[in-house]
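Visitor: Predicted model and sequence below, questions to follow.
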Amino acid sequence: MSYSQNKQAAHNTDWSALATQIKQWGAELGFQQTAITDTDLGTYERRLQQWLARDYQGDMHWMAEHGTKRSQPGELVPETLRIISVRLDYLPEETTDLKALLDHPEKAYVSRYALGRDYHKLMRKRLQQLADHIQHQIGVFGYRAFVDSAPVMEKALAEKAGLGWIGKHSNLLQRDTGSWFFLGELYTDLPLPVDEPASNHCGTCQACIDVCPTRAIVEPYVVDARRCISYLTIELKGSIPVELRKPMGNRIYGCDDCQLYCPWNRFADYSHEPDFDPRQRLDEARLVELFLWDEVTFNQNLEGSAIRRIGHERWLRNIAVALGNAATSPEVIATLQARTDHPSELVREHVLWALQQHQPAIIED
């Protein structure tokens, strides 16, 4: 029996006090912010339909496969009344100048969220612990936890809950800490009081639009995923469009440019989660070293990492493009030539393209 069906218990609950307690538990569990919203996503649903109508989702067919479950939480989890939204900072403290690392002639750039362990399990475990706290306090209730694992409009829910506002780059921004954080949700059947939505503070700034290497932000608040480097290096399974390879630079998994140049991120807090600390020197690794990993090494080195889900083939595809954009050297050319007979046609194609970028040096040799 869900809590909403237990009329007597619901009548005796001080929902405002419980909401305050939930936020305190969230802080104790390590979340930087916990807030509550309702299920009305009508405005966001219309924007989503317009985005899908323009085919900006690319190969992410799952964005449209679930109908309105994404924008109507009650269809995904029946009896949902309120959604508890949480955020968790992930930016590791580094000595590296991240802007200097972009387009580095030798080193790879990996999106900061993917440097450490996969965040999904960590956040899901803590959301479950939050649900356990609530259940211990009030008894059985209906809930379901989500961490980027189902058709959930997490940024829309977070904005409505007051965790921040959706910026022109489509990421969630918070005035006190920028945008370097993960989001998670706990769908519940509890009639909790809701928090005030966040207001937008982007103003006339369009730093994220101007700096996007592939011009993926086609207009404020609208991203054409087909041009986004995060999509190209993570979601796209096939060949990367030739015209977008040069702009990708050394970005081999994801892209942080729009966040790095956002003025609000000067207020960003570093994460205190050991799980998010860089592993395998991915925060400063050389491209040629990463390209030498065979499939066994790839799987071993990236055990527990979000990167592992793209597989070794796409890993090599991405690095081949980055090597094509790297400074020409005998080492780079030899490293690429060693993969010209790779069994994957996808890898061979991108290796050949990369070698062609160094053609003058090859001819001179």
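Guide: Looks like it came in fine. Numbers count the residues shown, from 1 in each chain.
Visitor: pLDDT weak spots in the stretch 251-365 of the chain?
Guide: Applying pLDDT under 70 to the stretch 251-365 of the chain picks out residues 360-365.
Visitor: all helices of it, in order?
Guide: In the stretch 251-365 of the chain, the helices defined using DSSP state H, counting those that start in this stretch lie at 257-260, 287-291, 295-301, 311-324, 330-337, 345-357, 359-364.
Visitor: hmm, who's touching the third one?
Guide: Right, the one you point to is helix 295-301. Helix 295-301 has contacts (Cβ atoms under 8 Å, 6 or more residues apart in numbering) with 279-280, 293, 308, 312, 315. The C-beta positions use only the backbone N, C-alpha and C, and glycine is treated the same way.
Visitor: Between the residues you listed, which sits nearest residue 82?
Guide: Using Cβ to Cβ, residue 308 comes nearest to residue 82 of the contacts of helix 295-301, at 34.7 Å.
Visitor: List the contacts of residue 260.
Guide: Taking Cβ under 8 Å, 6+ apart as the test, what residue 260 contacts is 98-99, 102, 211.
Visitor: What's the local residue count around residue 224?
Guide: Counted with other Cβ atoms under 10 Å, the neighbours of residue 224 add up to 19.
Visitor: let me fix that: residue 15
Guide: Count around residue 15 with other Cβ under 10 Å applied: 15.
Visitor: Next up, phi/psi of the closest residue to it other than its chain neighbours, please.
Guide: Spatial nearest neighbour of residue 15, chain neighbours left out: residue 192 (5.3 Å); criterion: Cβ to Cβ, 6 or more residues apart in numbering. Per-residue torsions, residue 192: phi -70, psi 150 (degrees, to the nearest 10).
Visitor: I'd guessed residue 192 sits against residue 21; true?
Guide: No. Assessed by Cβ atoms under 8 Å, residue 192 is found out of contact with residue 21, at 10.5 Å.
Visitor: okay but residue 39 is in contact with residue 80, surely?
Guide: Yes. When contacts are counted by Cβ under 8 Å, residue 39 is listed as touching residue 80 (5.8 Å).
Visitor: list residues touching both of those two?
Guide: 73-74.
Visitor: sorry, back to before: most neighbours, which of the contacts of helix 295-301?
Guide: Top of these by neighbour count (other Cβ under 10 Å): residue 315, with 22 neighbours.
Visitor: ok, now which ones touch it?
Guide: Per Cβ under 8 Å, 6+ apart, neighbours of residue 315: 252, 290, 293, 298, 307.
Visitor: Which of these sits closest to residue 124?
Guide: residue 307 (18.8 Å).
Visitor: Do a quick rundown of the strands in the chain.
Guide: Applying DSSP state E to the chain gives strands spanning 33-37, 82-89, 109-110, 143-146, 165-166, 172-173, 181-188, 217-219, 222-223, 251-253.
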